[in-house]
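Trainee: When you get a sec, could you give me coordinates for this:
(chains A and B)
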Amino acid sequence: MSTIVLKGRKVHGGLAEGEAMVTRGGFAGFGSFDVHTGVVVELGHELVGKNISGKILVFRSGKGSSAWSIGAQASRFTGNSPKALIVKKSNPQVALGVVVMRIPAITDLDEDPTEVISTGDWVKVDAERGLVEITKEKG
Amino acid sequence: MKLAPDEQRMLEGKKGLANQKAMQLLVEYAEGLGAEAFVDTNNVTVLTGLFPYPDLIKKLVPSLDPDEIASKFFLNSDERVVVDRVKAFTTSHIYRNQEYPEIQQGGEFLCEVTKIMEEYCKRIGIINLATCTPYQVGNLPVKGEHCAWTESSAIPFCNSVLGGRTNIEGLHSAFASAITGKTPLWGMHLEENRLGNVIIHVEVDMNEIEDWNLIGYYVGGQIGLDIPVYRNINKTPDLTRLMALCASGAASGSTVIFHIVGVTPEALTFEAASGHGKNLRALKYGTEQRKETYEKLNHSDRDNVDIVVLGCPHYTLERVRAVANMLEGKRVHENTVLYVTTCRMIKALADSNGYTEAITKAGGLILEDTCGIFFDFDTSKVLASDSAKMVHYVPSTTGLKRLWFGTTEECINAAITGKWKGELK
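Mentor: Next comes the predicted model:
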């Protein structure tokens, strides 16, 4: 097992660890997933059918509706939020989304997290210090 | 972050609990953005009427106490907060047709919640324009105005078409901005961030509204967070076409601003729109890209059409009139329903100009203050729309899987014949 550490910038503080769920695409807080189950439902999305609930969700950037934070907040109410977000390039939807989900998030990392992290890797997030520790599932 | 003295006082709770909660949320959000300061805003739009998850209101606030709903759902606060009056000029999009509760998700219950929240908004000084297109009916930002807007299609309209300045705000940040009159001085509020960095070489004719839906949808899906500059557009777009470009680009991607050389206010020249053209990447939009996008939006294995929904974003007067004219002497097919959605002010004008009567006489329904994206559909049905945004969202919001996208004329034809005969011309 190999461990990799990436350094980035805090979007929202907190500590979390869990299994990674990774897409090289964007993610919509409203429309990409079903807030009642955490399952990705957006047709054509790379993660369609997968569950983001309780995962460390890794993606390129926030996309889609400005109702992003409404879906994000609803997932907190149903207990289906991810544990943390790691975002290649953060944007307002992500910044507000993590405030209302009350979860840590990191962006602007020294390497592209969607390339370095694979689905299934074990990831520790220390958002205050901007640190992401990845234990590869394979290798 | 550097806080001004009045912002500091709000954060410390010296201006009441509502201001404190709102400022706490804004500070957390602004720090996440990387903003260093706030800017004053006196133009806010909030999505206070959008409740896509009625079961959560029932579960979390069974009393339907509006202050409790606003605290939990808008201010993200576990504690009940009573807002006195919002500081900024604020309009809202409270969406619910009260006449036809059964058509919409959440039925009577959400109609009730909407009424309660519309009264709540009135009480705290928010004006309900009841539309995703506030710029059509009473909230028209001007060039350089600092705004805090919600609604994906209205945001690029504010930035690109009007030259107003807003980031992509959500319900929670916009509600906090309404209360405090502050928004993070970041992103679109700063001139240097508004320059285009992707040239879109347009190689096709841009005559039809359909073309503006298609190009927006294609480009939105390609550019990520970049800013497109459209070149070589051979037709000056009207209001409906610009609205289609805004809506489709914000559905497939996250378009916050675009420039059309020679058309939009910050793009009088290509050089002005792009900051003299340094570090630009280029994207081609030709016949192939147009066809690929069209095929992406059309996915039905049946040629029958059960539902036609027009008016996403809320239909303009020009479109309402056009549809009324197309339906003259025609009759909507017995197996098909036709919905035309717009806001109460445009509906009132449609009423007084005879358009409502024309649409109704033909068997269609023109509905105010609602949105097909949140209708309650039998998921086995086939829907047709002239809006790429509508076709993009309905699978995830309604469960429909069979969808046709085309021109308004093709949609009206489908409503009359019950069959889809659309094709890309």
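Trainee: list the contacts for residue B:265?
Mentor: Applying C-beta atoms under 8 Å, 6 or more residues apart in numbering or on different chains, we find residue B:265 in contact with B:143, B:161, B:162, B:163. Just so you know, the C-beta spots here come from the backbone N, C-alpha and C atoms, and that holds for glycine as well.
Trainee: Let me fix that, I meant to ask about residue A:50.
Mentor: A:21, A:39, A:40, A:119.
Trainee: What segments of chain A are helices?
Mentor: Counting by DSSP state H, chain A has helices at residues A:68-78, A:92-101, A:113-116.
Trainee: what about the strands in the stretch 301-425 of chain B?
Mentor: Ranges of strands in the stretch 301-425 of chain B, per DSSP state E, counting those that start in this stretch, are B:307-310, B:337-342, B:365-368, B:382-385, B:402-405.
Trainee: for the fourth one, packing partners?
Mentor: Counting contacts by 3 or more C-beta pairs under 8 Å, 6 or more residues apart in numbering or on different chains; DSSP states H and E, strand B:382-385 is packed against strand B:307-310, helix B:388-398, strand B:402-405, helix B:408-417.
Trainee: what sits up against that strand?
Mentor: Residues contacting strand B:382-385 (C-beta under 8 Å, 6+ apart): B:300, B:302, B:304-310, B:312, B:372, B:377, B:391, B:394, B:400, B:402-406, B:410-411, B:414-415, B:420, B:422.
Trainee: Parallel or antiparallel, which strands does it pair with?
Mentor: In the sheet, strand B:382-385 lines up against strand B:307-310 (parallel), strand B:402-405 (parallel) (DSSP bridges).
Trainee: Then the longest one?
Mentor: The partner list of strand B:337-342 in its sheet, established with DSSP bridges, is strand B:307-310 (parallel), strand B:365-368 (parallel).
Trainee: looking at the ones you listed, which is closest to residue B:121?
Mentor: strand B:365-368 (17.1 Å; C-beta to C-beta).
Trainee: Export that closest one to PDB, keeping only CA atoms.
Mentor: C-alpha atoms of strand B:365-368 as PDB (Å, rounded to 0.1, in the frame of the first residue of the first chain):
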ATOM      1  CA  LEU B 365     -53.200  25.600 -20.900                       C
ATOM      2  CA  ILE B 366     -51.200  28.800 -20.100                       C
ATOM      3  CA  LEU B 367     -50.000  28.700 -16.500                       C
ATOM      4  CA  GLU B 368     -48.600  31.400 -14.400                       C
END
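Trainee: Averaged pLDDT, that strand. What do you get?
Mentor: Averaged over strand B:365-368, pLDDT sits at 97.
Trainee: how far does that strand sit from the chain's center?
Mentor: The chain centroid and the centroid of strand B:365-368 are separated by 18 Å under C-alpha atoms, centre = their mean, to the nearest Å.
Trainee: Please apply the same query to stretch A:110-121.
Mentor: Distance, stretch centre to chain centre, for stretch A:110-121: 11 Å (C-alpha atoms, centre = their mean).
Trainee: Buried residues, it. List them.
Mentor: Buried residues in stretch A:110-121, counted by 16 or more other C-beta atoms under 10 Å in any protein chain shown: A:113, A:114, A:116, A:117, A:118, A:121.
Trainee: Return the residues in contact with the first one.
Mentor: Think residue A:113. A:6, A:8, A:22, A:58, A:86, A:87, A:88, A:132.
Trainee: quick revisit: now the buried residues of stretch A:110-121 as JSON lines including pLDDT?
Mentor: Shown next, in JSON lines, are the buried residues of stretch A:110-121 (pLDDT from 0 to 100):
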{"residue": "A:113", "pLDDT": "98"}
{"residue": "A:114", "pLDDT": "98"}
{"residue": "A:116", "pLDDT": "97"}
{"residue": "A:117", "pLDDT": "98"}
{"residue": "A:118", "pLDDT": "97"}
{"residue": "A:121", "pLDDT": "97"}
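Trainee: what about the closest residue in space to residue B:161 that isn't next to it in sequence, distance to residue B:84?
Mentor: Closest residue to residue B:161 apart from its sequence neighbours, by C-beta to C-beta, 6 or more residues apart in numbering or on different chains: residue B:242 at 5.3 Å. From residue B:242 over to residue B:84 the distance is 38 Å, taken as C-beta to C-beta, to the nearest Å.
Trainee: same deal with residue B:345?
Mentor: 28 Å.
Trainee: what do you get for residue B:17?
Mentor: Counting by C-beta to C-beta - residue B:17 and residue B:84 are separated by 10 Å.
Trainee: okay, these two: which has more neighbours?
Mentor: residue B:17 (16 against 12; other C-beta atoms under 10 Å in any protein chain shown).
Trainee: Which residues lie in contact with that one in this structure?
Mentor: B:79, B:81, B:82.
Trainee: Count the residues that sit near whatever residue of the stretch 151-300 of chain B ends up closest to chain A.
Mentor: Closest to chain A within the stretch 151-300 of chain B is residue B:170: 3.4 Å, counting by C-beta to the nearest C-beta. The number of residues packed near residue B:170 is 30, by other C-beta under 10 Å.
Trainee: just residue B:314 next, same as before
Mentor: Look at residue B:314: counted by other C-beta under 10 Å, it has 30 neighbours.
Trainee: the strands in the chain, which residues?
Mentor: Just going to use chain A. A:3-7, A:9-12, A:15-22, A:56-59, A:84-87, A:105-107, A:122-126, A:131-135 (DSSP state E).
Trainee: think we crossed wires, I meant chain B
Mentor: Under DSSP E, chain B gives strands at B:38-40, B:44-46, B:90-92, B:127-128, B:182-184, B:198-202, B:228-231, B:259-260, B:281-285, B:307-310, B:337-342, B:365-368, B:382-385, B:402-405.
Trainee: returning to what we had before: which of the strands paired with strand B:382-385 has the highest mean neighbour count?
Mentor: strand B:307-310 (a mean of 26; mean count of other C-beta atoms under 10 Å in any protein chain shown).
Trainee: that older thread, out of the strands paired with strand B:337-342, nearest to residue B:139?
Mentor: Of the strands paired with strand B:337-342, nearest to residue B:139 by C-beta to C-beta is strand B:365-368, at 17.3 Å.
Trainee: Residues in contact with the closest one: which ones?
Mentor: B:97, B:99-100, B:103, B:130, B:320, B:337-344, B:346-347, B:350, B:355-356, B:359-360.
Trainee: Any of the residues you listed buried? List them.
Mentor: The neighbour-count criterion (16+ other C-beta under 10 Å) marks B:97, B:103, B:130, B:320, B:337-343, B:346-347, B:350, B:355-356, B:359 among the contacts of strand B:365-368 as buried.
Trainee: For chain B, state which of the contacts of residue A:113 is nearest.
Mentor: Using C-beta to the nearest C-beta, the contacts of residue A:113 come closest to chain B at residue A:88, 9.4 Å.
Trainee: Please list all residues in contact with the residue lying closest to that closest one once chain neighbours are set aside.
Mentor: Nearest non-adjacent residue to residue A:88, counting by C-beta to C-beta, 6+ apart: residue A:60, 4.9 Å away. Under the criterion of C-beta under 8 Å, 6+ apart, the neighbours of residue A:60 are A:23, A:24, A:25, A:26, A:27, A:87, A:88, A:89, A:114, B:224.
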